[in-house]
Every structure is written in C-alpha cells, then in structure tokens.
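A.B. asks: Quick one, fold the following:
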Amino acid sequence: MSRLFNFAFTDQRFRLRAYAISGAIALVAALLARLFSTEKVSLTVMIAVYCISVICFIAYYVRGPVPIISSGMTFRMRYVIGSFLAIASVLTVTAWDKQFGIHFQSTILDLRLATASSGGIQAYLDPKERQAQLKKRLQTIQSITDISYRYEIPVASDRLMVAQQLVQGALKQSESPAEMVREASIASLKLRGVEAMNAVAGNTVQYPASAQTYAINSMVDLSNKAIGFQGNHTRIAGSGTFLLDHSTVVFDGIDFVSEKPYGQSFFDIASTDSTVIVRSSTVENLQQPLDGITWVKVTFQHSRIEATGRPFVLVNAIFRDCDFSHLTIFSPGGSALLDTIQKANGGPVNFSFAGYTSSIIP
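C.D. replies: Next up, the predicted model:
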C-alpha cells in the first residue's frame, strides 16, 4: 500500500505529467457527457472513460514508465500532447458556448461541402472511374445534408448553390446511368431541404413553449410563401389542411394528430416545386402520404403510411404501430421502404426516394 501511495502522490517523475493527462481525460469525459442529450448515454460515456483511465493507471504501475510520460519525451510526443490539449480547449468552448459551437460546426460543414462540390473530374479518366468519383461526391453531399438535418447545423447558402450546380450537372448528363440519376435526384432533394431551412430563418412563427393544441377546420393557404412554424410539440388537430403550392415551409416541433384513426393528412401539396420540412414532430392517427416532404426526427404513431411515387426523405424517422398495407400497393419504392422499416426493428429509419420516372430505379 505504501508503495502505491508513494507512486501516486510522491513520485515526482510521474506526478506532474500523469495528473495533467488525468485532468485532460476528466475534462474530455465531462465535455462528451455534456454533448449527449440523455443521461443514460452520458453515464455510459463517463464510465467508459473512467475504466480506460483505470486500465492505463494499472498498466503504468505494473509495467513502469512508458515513453509518453517519461523524462525522455520526444518532440513528436510533445506535439501529440499539445494537439490533444488544443482540441480539448476547442471542445471546452464548443460545449459551453452554444453559439460558438454552432458556428464552428457550420464552418466545418461548409468546408466539407465546398470540397465535395468544387473542382472538375478529370476527363482523361475511364468513364466508369468518372462515374465512381461523381457518385462518391453525390453521396458525400447527401451525408453533409443529413448531418445538417440531424443536428440543426446551418450551411452557407452560397455553398449550397455550388453543390446544387454540381448535382444539376450530373442530372443533365445524358450518359448517366439510372443509379447515378437517382443519387443526384436525392442529393438535389436534400439540398433543397437545407436551403428551405435557410429561407425561413427570418420568417418563423413562434408558438408558446408550453405544449398547446390548435384546431384548424378550414384550408390554410400557404401558397407562394416561405415561412416556418416553431413549437414545442404544439399539436395541430381538426379537419383543415395546409395548401402548399410553390411554397417553402418548415414545421419544427409541430405535432399533427387526429382523435380517431385514420384522419386525413394536413398537407395538401399542389405543386412539385414546393419544399416542405417536418422536423422534431409526431404524426398520430393520420392517413399520411410521405410524398413531397422531408421528415426529420419524426415519430409516426398509429398512422396509415402511404407513398404514391413522388420524392421524399426520411431522416431518423420512427414508426410505431403503423399500418403499411397501402405502402406497397401505390408506391414503386414502398417495398424497399417497408424492408428498411422492418430491419430497423422500431429504431430510427433513414430512407430516400428520388421519385418514380422511367429513368429512375425505384
């Protein structure tokens, strides 16, 4: 015991460097815990970091000094430790200053999107290699938009415009195979969704923080408008609908419910150029077509799910006790979606459908 005490508290070679590293590990554990939304995940992360620290301590005690904390530390190891502390400092500011964190994350996404969108594909490459490079870029763009959706990170409009130009160029290539057209169509749809969130940022109706129910029993005309609705699980009920024609609309934190199954959908999308985002919401007891909408972190509960062949996107969507009997009848992509939902086994579902035409694979 006295040897262990001397080792942990009086060994000068060990004390300063080891406790500095331990402090950094504790800081990172706290930051990681803060970044997660649920207590269960936070506790799991902290226990994992604690166990790793104990293992490192025992390994040092049993095997003696290791190069990273020995007196003969190399320049490379000093560089690694310095980089580690710098990253910890950035994480500190990011975790405690939300606005700085969002700006920092937004900058990273902007850079990634610019990298994926800029520069041409070498003409001397084999056609298959050119197609492979283009497909990889399109998938990277989709990944960036998914991150923006999930974590509500804004992306600069000029970066979105450049990315959209790349996507439209891919769609116009007559030699593009059907699979490439599908990837480009999905990327275009997701980019339009992120653009929609930028478009409504300055024109959003804020509902009270407390959950309330609003009944609409007639048509609400949102034609030719760019508008957002922000609530905290604010419930929309009644027999009315939102008319969406040449519209850009974002419903964030708005729940759509019917007292009895299966009530009609609240969305009447009259034009294919409308962009509709439903985010952080619940759809309950409705006969709900997915078409023409990007659904982000939406829970479909006891609803009849339909799709008629128009484009739609699901990002972290959850289906509970839903009726899928009409899904495979009317939609050419219904079977693939149903298979994805079943494989998720009640977990989040990510799925994109580019729309059904003769040139697109369902």
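
A.B. asks: Determine the longest strand present in the chain.
C.D. replies: strand 226-237 (DSSP state E).

A.B. asks: In terms of secondary structure, what does that strand contact?
C.D. replies: helix 178-199, strand 204-206, strand 213-215, strand 248-257 (3 or more Cβ pairs under 8 Å, 6 or more residues apart in numbering; DSSP states H and E). C-beta coordinates here come from the backbone N, C-alpha and C atoms, glycine included.

A.B. asks: do that again at 10 Å, thanks
C.D. replies: helix 178-199, strand 204-206, strand 213-215, strand 248-257, strand 275-279, strand 282-284 (3 or more Cβ pairs under 10 Å, 6 or more residues apart in numbering; DSSP states H and E).

A.B. asks: Please identify the buried residues of it?
C.D. replies: 226, 228-232, 234-237 (16 or more other Cβ atoms under 10 Å).

A.B. asks: same question, stretch 324-341
C.D. replies: For stretch 324-341, by 16+ other Cβ under 10 Å, it's 324, 326-328, 331-334, 337-338, 341.

A.B. asks: Make TSV out of those residues and add secondary structure.
C.D. replies: Output for the buried residues of stretch 324-341, formatted as TSV (DSSP: H, G, I helix; E, B strand; the rest coil):
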residue	secondary structure
Phe324	coil
His326	coil
Leu327	helix
Thr328	helix
Ser331	coil
Pro332	coil
Gly333	coil
Gly334	helix
Leu337	helix
Leu338	helix
Ile341	helix
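
A.B. asks: now, which of those sits nearest Arg192?
C.D. replies: For these, the residue nearest Arg192 by Cβ to Cβ is Gly333; the value is 18.6 Å.

A.B. asks: separation between that closest one and Gly169?
C.D. replies: 25 Å (Cβ to Cβ, to the nearest Å).

A.B. asks: Next up, the contacts around His246.
C.D. replies: 222-226, 270-275 (Cβ atoms under 10 Å, 6 or more residues apart in numbering).

A.B. asks: can you pick the most crowded of the residues you listed?
C.D. replies: Within the contacts of His246, most neighbours by other Cβ atoms under 10 Å means Thr275, with 24 neighbours.

A.B. asks: wouldn't that one be in contact with Leu244 here?
C.D. replies: Yes. With contact defined as Cβ atoms under 10 Å, Thr275 reaches Leu244; the gap is 9.0 Å.

A.B. asks: quick one: common contacting residues for the two?
C.D. replies: Common neighbours of Thr275 and Leu244 (Cβ under 10 Å, 6+ apart) are 269, 292-293.

A.B. asks: Now those residues in TSV, please, with extra columns for neighbour count.
C.D. replies: Shown next, in TSV, are the shared contacts of Thr275 and Leu244 (neighbours: other Cβ atoms under 10 Å):
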residue	neighbour count
Ile269	21
Gly292	22
Ile293	26
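
A.B. asks: so the spatially closest residue to Ser118 that is not a sequence neighbour, which of the three states?
C.D. replies: The shortest distance from Ser118 to any residue other than its chain neighbours is 6.8 Å, reached at Val162 (Cβ to Cβ, 6 or more residues apart in numbering). Put simply, Val162 is helix when judged by three-state DSSP.

A.B. asks: Quick one: residues contacting Val162.
C.D. replies: Taking Cβ under 10 Å, 6+ apart, one finds 113-114, 116-118, 156 in contact with Val162.

A.B. asks: In helices only, show me these.
C.D. replies: 113-114, 116-117 (DSSP state H).

A.B. asks: I'd like those residues laid out as a markdown table, including distance to Val283.
C.D. replies: A markdown table is the format used below for the ones in helices among the contacts of Val162 (distance: Cβ to Cβ, whole Å):
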| residue | distance to Val283 |
| --- | --- |
| Leu113 | 30 |
| Ala114 | 35 |
| Ala116 | 32 |
| Ser117 | 34 |
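
A.B. asks: biggest separation within those, which pair?
C.D. replies: Ala114 and Ala116 (7.4 Å).

A.B. asks: Now for Thr328: which residues touch it?
C.D. replies: Thr328 makes contacts with 307, 334-339, as judged by Cβ under 10 Å, 6+ apart.

A.B. asks: go with 7 Å
C.D. replies: Thr328 is in contact with 334-335, 338, counting by Cβ atoms under 7 Å, 6 or more residues apart in numbering.

A.B. asks: Now Val349: closest residue in space that isn't a chain neighbour?
C.D. replies: Counting by Cβ to Cβ, 6+ apart, the residue nearest Val349 is Ala317, at 4.9 Å.

A.B. asks: correction: Thr248
C.D. replies: Ala226 is the one closest to Thr248 (Cβ to Cβ, 6+ apart), at 4.1 Å.

A.B. asks: if I pick that neighbour, what's in contact with it?
C.D. replies: Per Cβ under 7 Å, 6+ apart, neighbours of Ala226: 199-200, 203, 248.
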